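[1] Build me a model:
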Amino acid sequence: MKTHLGVLVRIAAAHLAVRTRQTVVAVAGVAVGVAFFLAVSGMMSGSQKDFVSTLVDSAPHVIVRDEQRLPSLQPAVRSRPGAAVSVSGVRPKEEVRGLKDWPAMLADSRALPGALAAPSLNGAVTLSYAGRTEAVALSGVDPRIEGRMAKIDVSLVGGRLADLEARPDGIIISRPLADRLGARRGDTLVATSPVGVTQRMRILALIEPEAIQGFYAGDNTAYSLLRTAQVLFARPNIVNQIHLRLADPVNADAAARVLEARWGYKWESWQERSRDILNLLVVRNVVMYAVISAILLVASFGIYTSVSTSVTDKRRDIAILRAMGFTDRDVEGIFLLEGLTVGVIGALAGFLLGAAMLEALSRLPLSIEGRALTLPLDRGPAQFVIAGTAALGSALVAAWLPARKAAAVDPVDILRGAA
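    Below is the predicted model:
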């Protein structure tokens, strides 16, 4: 006898309707589990996406410095590979630091589809004002391009990075550094480089840490025009860094490897610079999904209890169905449909409750040091798909165990016992 699916559905619906209280409790358990799944995963995933987005936008995707990934071998070691060579009394070679053939490297970087590349010269200088002295890390940059590399302008007060173009003697420093020097925007500082070059520099803008939508390099960070830094460090036409921004930041690691193999030096992608942080996020995700999956597992106990009770109460009905020609697969299908129905209704109710919880979380009045804060939440369809799939999967597993027991019922023994 071939049983129509509609008949199995009607029987499963009748079983659920008879035990209304148990059905409602099971549905509520799944709904609460799905809602908390969405709320927790929405917060965690949203904060992670916001964190990674900030990580990507706050700095160039790839940075190459005038350093090698591996130290170069001594000539004696290279000439006798594998031999027992002892090198002593080596005198360090005097060399001018900087990227060799950097214009060609810059052109090669810009040849990548949708890429931006800019040269930079970085070094330490001493800033003096009104008898106070502070050491800073000065970055000589091309303002026209560097401002598009990272979100620097959003953190500046009183000016923009492009202002350096109009004032070659201009400098941009952090507000905390200016406070320590007792200087304000428009004041003139004296900058002294390690090679003894001294230059007067005017403060064009201040970096405000509280306004930064990214990672703050520190109070002792300053920006100037590239050619100004080259004069200050007495290194004309020299750069020691190239900053690269790609159309797709995901490709940064692959692009860095290709360029490093072609040019040497150490090409460092944002993934490599943040490897420890990204690994920590993976561990956090494992812990997060383990915890919220446990919530759904507990909710599935309600489905197991409901279907298991139905199997116990309907043993005689099961025997009659089997005597009428229903197969063991039909019987198993009835109770699987019960569990699936509870899971589907519970998941849909959980979607509504979870969306309401996410909306409530987005409206929480939070602040840090007086600044308003909005929780970054992930309300994308992927979260609902994951939650719904997990809910239905746990519902089917919870229903399958008692359903298998129902399919194994021997109708002869039950009817004989009833007689």
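[2] all contacts plus neighbour counts: C-alpha atoms, from now on.
    Fine.
[3] Strand partners (parallel or antiparallel) of the strand ranked longest in the chain?
    As assigned by DSSP state E, the longest strand anywhere in the chain is strand 116-129. Strand 116-129 has its sheet partners listed here by DSSP bridges as strand 132-141 (antiparallel), strand 188-192 (antiparallel), strand 241-245 (antiparallel).
[4] the strands in the protein, which residues?
    With DSSP E as the criterion, the chain has strands at 62-65, 116-129, 132-141, 156-157, 170-174, 188-192, 198-207, 221-225, 241-245, 266-269, 366-368, 371-373.
[5] need the ones you listed in CSV with mean pLDDT, distance to A290 and mean neighbour count, can you?
    Formatted as CSV, the strands of the chain follow (pLDDT from 0 to 100; distance: least, CA to CA, whole Å; neighbours: other CA atoms under 10 Å):
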stretch, mean pLDDT, distance to A290, mean neighbour count
strand 62-65, 92, 34, 22
strand 116-129, 92, 41, 21
strand 132-141, 92, 44, 19
strand 156-157, 84, 42, 20
strand 170-174, 92, 43, 25
strand 188-192, 93, 55, 20
strand 198-207, 92, 41, 21
strand 221-225, 91, 42, 24
strand 241-245, 92, 36, 25
strand 266-269, 91, 31, 24
strand 366-368, 67, 28, 10
strand 371-373, 68, 28, 11
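[6] gap between stretch 192-209 and the chain center?
    35 Å (CA atoms, centre = their mean, to the nearest Å).
[7] Stretch 303-323 now?
    Counting by CA atoms, centre = their mean, stretch 303-323 is centred 48 Å from the centre of its parent chain.
[8] Buried residues, that stretch. List them.
    If you call a residue buried by 16 or more other CA atoms under 10 Å, then stretch 303-323 has these buried ones: 303-308, 310-311, 315-316, 318-322.
[9] returning to that earlier point: need the strands paired with strand 116-129 in CSV (columns: distance to A360).
    Formatted as CSV, the strands paired with strand 116-129 follow (distance: least, CA to CA, whole Å):
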stretch, distance to A360
strand 132-141, 44
strand 188-192, 50
strand 241-245, 37
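[10] In this structure L177 contacts N220, no?
    Yes. Using CA atoms under 8 Å, L177 is in contact with N220, at 6.5 Å.
[11] could you give the mean pLDDT of stretch 278-286?
    Mean per-residue pLDDT for stretch 278-286: 86.
[12] ok, and what's touching that stretch?
    If you take CA atoms under 8 Å, 6 or more residues apart in numbering as the criterion, stretch 278-286 is touched by Q48, Q271.
[13] With stretch 26-33 instead?
    Under CA under 8 Å, 6+ apart, the answer for stretch 26-33 is 295-296, 299-300, 302-303, 306, 342-343, 345-351, 353, 391.
[14] May I have it exported as PDB, CA atoms only?
    Listed next in PDB are the C-alpha coordinates belonging to stretch 26-33 (Å, rounded to 0.1, in the frame of the first residue of the first chain):
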ATOM      1  CA  ALA A  26       8.100  22.700  22.300                       C
ATOM      2  CA  VAL A  27       7.500  25.500  19.800                       C
ATOM      3  CA  ALA A  28       8.400  28.100  22.400                       C
ATOM      4  CA  GLY A  29      11.600  26.300  23.300                       C
ATOM      5  CA  VAL A  30      12.700  26.300  19.700                       C
ATOM      6  CA  ALA A  31      11.600  30.000  19.200                       C
ATOM      7  CA  VAL A  32      13.600  31.100  22.200                       C
ATOM      8  CA  GLY A  33      16.600  29.100  21.200                       C
END
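[15] Which parts of the stretch 1-150 of the chain are helices?
    Ranges of helices in the stretch 1-150 of the chain, per DSSP state H, counting those that start in this stretch, are 5-18, 20-57, 75-79, 102-110, 143-149.
[16] okay if I get those helices as a markdown table plus distance to L373?
    Shown next, in a markdown table, are the helices of the stretch 1-150 of the chain (distance: least, CA to CA, whole Å):
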| stretch | distance to L373 |
| --- | --- |
| helix 5-18 | 46 |
| helix 20-57 | 12 |
| helix 75-79 | 58 |
| helix 102-110 | 38 |
| helix 143-149 | 26 |
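[17] Just name the most buried of these.
    Comparing the helices of the stretch 1-150 of the chain by mean neighbour count (mean count of other CA atoms under 10 Å), helix 20-57 ranks first with a mean of 21.
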